[in-house]
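> Predicted model follows, preceded by the sequence.
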Amino acid sequence: MYYKQIKCMILFIPTFTVAIWEYVRHQFLLPYISMDLGNWLTPVLVYVVSITLLTQLFRILEKIQKELEIERSEKAALEAREQLARELHDGIAQSLFLLSVKAEKLEKVRNEKQHEQNILSIRKTIHEVNRYVRQAITNLRLDRNVSQSSTPISSTLVEQVHVMAKDVRTQINIHWELKDHQLDEKEKVELLACIREALINMNKYASATAGSITAIGMSHSWKVTVKDNGKGFDGDPFAKKGKFGLRIMKERCNEMGWIMNMYREDRETIVEIHKGALT
């Protein structure tokens, strides 16, 4: 039943109902129903008919409102991914250009041993950047296809986390109990970006041999924990120069209203991201 049909029915059916009731009451029911009782029954009858129609209308309005919220969320997530894609393109392209310039300069170095060491270092950096770009582009395309699709999401959060974990050299153990319906589309994108950054740091800087990702969720709260047995850090990791990824991850969490903590415990580096209080 369409919205306009329900609206017309709300406008006309209660009126017709009262008219028919009054006709029947006066023509056939006066010997059995007093005037006072009939007057009381009239608003009750109108109320029952109206609430029946309004309930149906409210269901339709709630469905429309939910669809609008989903569309807004998907649009915001898509815009965020497009912005991230542009940043990746510009930032990585500039980095590769600078690396190529350094490689050309190194060709003029006379010390053969130093020359070879520098070349190997640059090649290693280029390899890391190339792998990161491939991983990021793959995830961006997957997210974009999911947002543009009119069918239900076929790739769940835990499936995408498993894909990211396979792209790093460190052995990752995953224990995931967070349900997809507990996050909207933008929250999923931001959370996956944070997990991806934690895995990249684990793989690139920590020299970890083992790691884990744990996610637990309740009705209005959840927590994701990323651990590794790497070399860790000293002091405040967010205050160190060059740690742009960590600062961006922290900013993402702040913008989403999440709490992020990073600390060392039992010779492990722990990154915690949580929403609400888990009891």
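Done, it's in.

> Tell me who's in contact with Lys250.
238, 260 (Cβ atoms under 8 Å, 6 or more residues apart in numbering). Where you see a C-beta, it was placed from the backbone N, CA and C, and this is true even at glycine.

> Now do the phi/psi pair for it.
Here is the backbone geometry of Lys250 (degrees, to the nearest 10): phi -60, psi -40.

> same question, Thr17
Dihedral pair for Thr17: phi -60, psi -40, per degrees, to the nearest 10.

> tally of neighbours for it?
16 (other Cβ atoms under 10 Å).

> Does it touch Tyr47 like I think?
No. Checked against Cβ atoms under 8 Å, the pair Thr17 and Tyr47 is beyond contact range at 10.6 Å.

> Name the secondary structure element that contains Met260.
Secondary structure from DSSP states H and E places Met260 in strand 259-265.

> Neighbouring strands - and their directions - for that strand?
If you go by DSSP bridges, strand 259-265 pairs up with strand 268-275 (antiparallel).

> roughly how far is the strand it pairs with from the heart of the chain?
Here strand 268-275 is found 17 Å from its chain centre; the criterion is Cα atoms, centre = their mean, to the nearest Å.

> and if you look at stretch 200-208?
Distance, centroid of stretch 200-208 to centroid of chain: 24 Å (Cα atoms, centre = their mean).

> List the contacts of it.
With contacts defined as Cβ under 8 Å, 6+ apart, stretch 200-208 is touched by 128, 132, 168-170, 211, 226, 228-232, 245-246, 269.

> Let me know the closest of those to His115.
Glu128 (20.9 Å; Cβ to Cβ).

> which residues sit against stretch 163-177?
Contacts for stretch 163-177 (Cβ under 8 Å, 6+ apart): 131, 135, 138-139, 142, 157-158, 161-162, 192, 195-196, 199-200, 202-203, 208-217, 228.

> same thing but 7 Å
Contacts to stretch 163-177, defined as Cβ atoms under 7 Å, 6 or more residues apart in numbering, come from residues 135, 158, 161-162, 195-196, 199, 202-203, 208-217, 228.

> show me where the stretch 151-279 of the chain has helices.
Under the criterion DSSP state H, counting those that start in this stretch, the stretch 151-279 of the chain contains helices at 157-166, 185-204, 244-256.

> Thr55 is nearest to which of those?
helix 185-204 (29.6 Å).

> Show me which residues of the closest one are buried.
185-203 (16 or more other Cβ atoms under 10 Å).
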